[in-house]
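Enquirer: this one's sequence-less:
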């Protein structure tokens, strides 16, 4: 028995109250894992009965549907374009179109093409989307994290309103504002901080306002945010320590006056802490790092699957052996998985929505097999299909999940990759996921500290692919040559068509180009400052990057116009 953990449960009582409050739901979910298809059928029937009198429900005769099979026969598989006009009407305030409840919020996602998609959030969907089990399982391991000011969650704020005046924003900010009040008591920072528009100002303010808080848990969707935060701490060390000593918030920062007044009221001079930090840093000869900034830090919660996995080595470089817990598969369109026992395995969220699956090898067949959760096999990849209370019925989200195994009879899943990003010069059909898997292995083989990268299809005679990479610290030509050869070997191994086109010289060998340190971060800042993008929507494709990224490289003379 861990006596210290039990002492912490008594001393840090808010966490214990939450555990007790959520325990019945945890037990119920554990019991239901034995019969997931029954739970799924009940969920589907509830969604259909609730929405049978909507325009969409009448069109596809929801009131007649009595089984999953009948649902699959009557209701078509769809993508966003099929309901885009209906969602637009909902943003203008029209009701009873896709959902019987009027939405009170719209989640926004950039999607694969970058065109914004608006996902309605109804009261029913909000209940489906929220899951206290992520925090529940962290609390079981770290009793202190629910205490006041212990959780530093970094989110994206609302981004505007619909024509009818409803707020529009990202899922992270929505969850931040709508989780239970007991959870919100653990937040270290007010939501308004995340609305600061200037990139550097926002992250400096996050650091300044958290440096005196007992931060025990860091929460953010994307692990790259953690890297930005750590770098900012080192770069702003002297300014942070001066502000800490004087009890100020740098007056040069462009912070809206009402927010600045609110934040400054919380500050007091703390020369002792500033002196301790300076002495420690000078003695050790190092820069301010996360563990010095937050000495009580116990855990990190973020995405770890799919493309996010690439950034984990850099996170560990800055945060050392701080445990990293997977946030699970969570999209704007719905919740795909829930962590059950804190062991890194997330079960399909059978109580949240109704799910169907298409084996990846059948996705483009004329009549692909569409499976329910009881028909899945371990170690196989599937396209996932959502039916939820937000008006998405049999919605192909274009995400591929892998079944890692089963908990009782319920699939344990993980996000594998976003399908659709591929490039094809002459029939080689190179996929982004092949590039990512290849780069992961190549980087390990060469032991190269890669900050970020992308692969750009390049016209030529013959055409070829160019690996564009940023390393920190900069490395010599021999190491770069080893990296590009290692990646090409992995692409040959993983894509037989690429191997054939390369050997026949229909496409040329993979080439490499290096970028100066800070280029990818500067691109993110450029997208935010110059193009008005939100951080959560700035995604670096690892194959065939956006015209915006290519334009940024050319504008800064980092790549020629050809």
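Expert: Arrived safely. Remember, predicted model here, so these are calculated numbers, not experimental data.
Enquirer: now for the strand ranked longest in the chain, which elements pack on it?
Expert: Criterion DSSP state E: the longest strand present in the chain is strand 395-407. Other helices and strands packing on strand 395-407, by 3 or more C-beta pairs under 8 Å, 6 or more residues apart in numbering; DSSP states H and E, are strand 381-387, strand 410-418. Backbone N, C-alpha and C define where each C-beta goes, glycine included.
Enquirer: and it, how far out from the chain's middle?
Expert: From the chain centre to the centre of strand 395-407 is a distance of 16 Å (C-alpha atoms, centre = their mean, to the nearest Å).
Enquirer: tell me the angle that strand makes with strand 381-387.
Expert: Angle of strand 395-407 versus strand 381-387, following axes from the mean of the first three to the mean of the last three C-alpha atoms, to 10 degrees, is 120 degrees.
Enquirer: now strand 395-407: mean pLDDT?
Expert: Here strand 395-407 scores 94 as its mean pLDDT.
Enquirer: still on that earlier bit, can you tell which of the helices and strands packed on strand 395-407 is closest to residue 264?
Expert: strand 410-418 (41.2 Å; C-beta to C-beta).
Enquirer: after that closest one comes which helix or strand?
Expert: Downstream of strand 410-418, the next assigned helix or strand under DSSP states H and E is strand 422-423.
Enquirer: what about that next one, average pLDDT?
Expert: In the prediction, strand 422-423 has an average pLDDT of 82.
Enquirer: my guess is residue 460 contacts residue 508. True?
Expert: Yes. Residue 460 lies in contact with residue 508 (C-beta atoms under 8 Å); the separation is 6.3 Å.
Enquirer: shouldn't residue 97 be within a helix?
Expert: No. Read with DSSP: H, G, I helix; E, B strand; the rest coil, residue 97 is coil and lies in no helix.
Enquirer: where's it relative to residue 71, distance?
Expert: Using C-beta to C-beta, to the nearest Å, residue 97 is found at 20 Å from residue 71.
Enquirer: and residue 98, by the same measure?
Expert: Counting by C-beta to C-beta - residue 98 and residue 71 are separated by 16 Å.
Enquirer: cool, and residue 309?
Expert: Distance from residue 309 to residue 71, by C-beta to C-beta: 35 Å.
Enquirer: of those two, who's got more company?
Expert: residue 71 (22 against 15; other C-beta atoms under 10 Å).
Enquirer: now residue 108: which helix or strand?
Expert: strand 105-109.
Enquirer: what packs against the next helix or strand after that strand?
Expert: Next in sequence after strand 105-109, counting helices and strands by DSSP H and E, comes strand 117-121. Packing partners of strand 117-121 (3+ C-beta pairs under 8 Å, 6+ apart): helix 84-91, strand 105-109.
Enquirer: rebuild the ones you listed as a markdown table, extending it with mean neighbour count.
Expert: A markdown table is the format used below for the helices and strands packed on strand 117-121 (neighbours: other C-beta atoms under 10 Å):
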| stretch | mean neighbour count |
| --- | --- |
| helix 84-91 | 16 |
| strand 105-109 | 22 |
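Enquirer: least reliable of those going by mean pLDDT?
Expert: Across these, strand 105-109 gives the lowest mean pLDDT, at a mean of 89.
Enquirer: ok and it relative to strand 117-121, angle-wise?
Expert: Calculated by the same axes, to 10 degrees, strand 105-109 forms an angle of 150 degrees with strand 117-121.
Enquirer: strand 105-109 - contacts with which helices or strands?
Expert: Secondary-structure packing of strand 105-109 (3+ C-beta pairs under 8 Å, 6+ apart): strand 117-121, strand 167-169, helix 171-178.
Enquirer: that one vs helix 171-178, what angle?
Expert: Angle of strand 105-109 versus helix 171-178, following the same axes, to 10 degrees, is 150 degrees.
Enquirer: circling back to that earlier point, deepest in the core, which of the helices and strands packed on strand 105-109 is it.
Expert: Counting by mean count of other C-beta atoms under 10 Å, strand 117-121 has the highest mean neighbour count of those, with a mean of 23.
Enquirer: which residues of the stretch 251-400 of the chain fall in helices?
Expert: 257-264, 271-284, 290-293, 312-319 (DSSP state H, counting those that start in this stretch).
Enquirer: pLDDT of the shortest one, averaged?
Expert: Read that as helix 290-293. Helix 290-293 comes out at a mean pLDDT of 93.
Enquirer: closest to the centroid, which residue in this protein?
Expert: residue 221 (4.0 Å; C-alpha atoms, centre = their mean).
Enquirer: so that one makes contact with residue 326?
Expert: No. Taking contacts as C-beta under 8 Å, residue 221 lies outside contact range of residue 326: 11.5 Å.
Enquirer: common neighbours of the two, please.
Expert: Common neighbours of residue 221 and residue 326, using C-beta atoms under 8 Å, 6 or more residues apart in numbering, are 302, 303.
Enquirer: residue 60 contacts residue 78, doesn't it?
Expert: No. Residue 60 lies out of contact with residue 78 (C-beta under 8 Å); the separation is 10.6 Å.
Enquirer: who has more neighbours out of these two?
Expert: With neighbours defined as other C-beta under 10 Å, residue 60 and residue 78 compare such that residue 60 has more, 18 against 14.
Enquirer: show me the contacts for the nearest residue to that one once chain neighbours are set aside.
Expert: What sits nearest to residue 60 in space, not counting adjacent residues and going by C-beta to C-beta, 6 or more residues apart in numbering, is residue 75, at 4.8 Å. Applying C-beta under 8 Å, 6+ apart, we find residue 75 in contact with 60, 65, 393, 394.
Enquirer: likewise residue 40?
Expert: Contacts of residue 40 by C-beta under 8 Å, 6+ apart are 68, 350, 354, 355, 372, 373.
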